[in-house]
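Colleague: Fold the following, please.
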Amino acid sequence: MTETPAKQRLHVLQAIEDGWNAFARAPWPLVLFTLLAGSVWILFQIIVRGAHALANDSVPIAYFLVVAIGSTVISLWGIMGLIRGAWKSLNGAKPSFSDLVRWDGNAAGRLFINQIVLAIIVAIIVLVLRWLTNEFFAASTFAGFIPLITGMVIFIYLSVNQKLLPAIALLQTGNPVENIQKGQKIIDATWWWMLLLLIVNTIILTVGIILNGVGLLVASPVVICISLAAYRQLFGTDDQTGFLNS
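Modeller: Numbering: from 1, shown residues only. Reported below is the predicted structural model:
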């Protein structure tokens, strides 16, 4: 069993190199799966919206539920497939297309619950900061900006130290709170380097969007590969849940 590295600094350039090499090892399965997942998501939206328009439903509760559930399932499937394929490529193997499209209900549940818990934590922080903003603005216009600035700092902080939460949820055991704490504990020790990696990933995705969106077919799996290479540096290569073989 591979032990989790303790307080290891993230080597950004190494993560980028390893991630790119992993993508280059199996570009077509990763790109085609990204295209498939995106196409399924778009087709689902078209079908549901068309059905809603034909039904002329004045109370679109069912519509919103179907959209939310369907979009969530497709997103979970896409994330799991890319992570499984990228991980196998980082191991030196060439993932097959069947590796990427395979559904794992248990893994999807873990990923969903972890993301929901993080979203609840963020929502609580937002509500508290919103209340503080109103109170501070009532006292002084200048003071009202203090909670806003604090909120921006907290958002950036969480975006960085929870960047690897999907991989943690899929590959490690532990409840959602423990997984969130793992991200905080390990990544805080190398927070600035993880921020740099987040900036690099954002630039890659932005370039993909600029290229008429088609570039996202390459940019998305490249970013996943780079992020997983960073995860392996900080958390090790052990698959504690059996996700890769499920």
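
Colleague: For the protein, which segments are assigned as helices?
Modeller: With helices called from DSSP state H, the chain shows them at 12-25, 27-55, 61-90, 97-101, 105-139, 141-161, 165-171, 176-188, 191-210, 216-235.

Colleague: Tell me which of these sits nearest to residue 244.
Modeller: Ranking the helices of the chain by proximity to residue 244 (Cβ to Cβ) places helix 61-90 first, at 5.9 Å. For the C-beta atoms, the positions are set from N, CA and C on the backbone; glycine is no exception.

Colleague: In terms of secondary structure, what does that closest one contact?
Modeller: helix 12-25, helix 27-55, helix 97-101, helix 105-139, helix 165-171, helix 216-235 (3 or more Cβ pairs under 8 Å, 6 or more residues apart in numbering; DSSP states H and E).

Colleague: quick one, that helix and helix 216-235 angle?
Modeller: Put simply, helix 61-90 runs at 70 degrees to helix 216-235, going by axes from the mean of the first three to the mean of the last three Cα atoms, to 10 degrees.

Colleague: Now do the buried residues in helix 61-90.
Modeller: By neighbour count with 16 or more other Cβ atoms under 10 Å, helix 61-90 contains the buried residues 63, 66-67, 70, 73-90.

Colleague: what about it, average pLDDT?
Modeller: For helix 61-90, mean pLDDT rounds to 91.

Colleague: what do you get for stretch 120-131?
Modeller: Stretch 120-131 comes out at a mean pLDDT of 92.

Colleague: what comes up buried for it?
Modeller: Under the neighbour-count criterion of 16+ other Cβ under 10 Å, stretch 120-131 has residue 129 buried.

Colleague: Relative to the whole chain's centre, how far out is it?
Modeller: 21 Å (Cα atoms, centre = their mean, to the nearest Å).

Colleague: Check stretch 164-179 too.
Modeller: Put simply, stretch 164-179 sits 12 Å off its chain's centre (Cα atoms, centre = their mean).

Colleague: Tell me the residue in the chain that is farthest from the middle.
Modeller: What lies farthest from the middle of the chain is residue 139; by Cα atoms, centre = their mean that is 39.0 Å.

Colleague: close enough to count as contact, residue 30 and residue 23?
Modeller: Yes. The criterion here is Cβ atoms under 8 Å, and residue 30 meets it with residue 23 at 6.3 Å.

Colleague: Quickly list what's touching both of those two.
Modeller: Common contact partners of residue 30 and residue 23 (Cβ atoms under 8 Å, 6 or more residues apart in numbering): 86, 89, 221, 225.

Colleague: Next, format the helices of the chain as CSV and append distance to residue 243.
Modeller: Below are the helices of the chain laid out as CSV (distance: least, Cβ to Cβ, whole Å):
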stretch, distance to residue 243
helix 12-25, 17
helix 27-55, 16
helix 61-90, 7
helix 97-101, 11
helix 105-139, 5
helix 141-161, 22
helix 165-171, 5
helix 176-188, 13
helix 191-210, 22
helix 216-235, 12
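
Colleague: In terms of mean pLDDT, which of the helices and strands packed on helix 61-90 ranks lowest?
Modeller: For those, mean pLDDT drops lowest on helix 27-55, to a mean of 87.

Colleague: check contacts around the residue sitting nearest the centre point of the chain.
Modeller: In the chain, the residue lying closest to the centroid (Cα atoms, centre = their mean) is residue 166, at 5.4 Å. Residue 166 is in contact with 79, 83, 111, 114-115, counting by Cβ under 8 Å, 6+ apart.

Colleague: Now distance to residue 185 too, for the residues you listed, in a markdown table please.
Modeller: Below are the contacts of residue 166 laid out as a markdown table (distance: Cβ to Cβ, whole Å):
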| residue | distance to residue 185 |
| --- | --- |
| 79 | 23 |
| 83 | 21 |
| 111 | 20 |
| 114 | 16 |
| 115 | 19 |
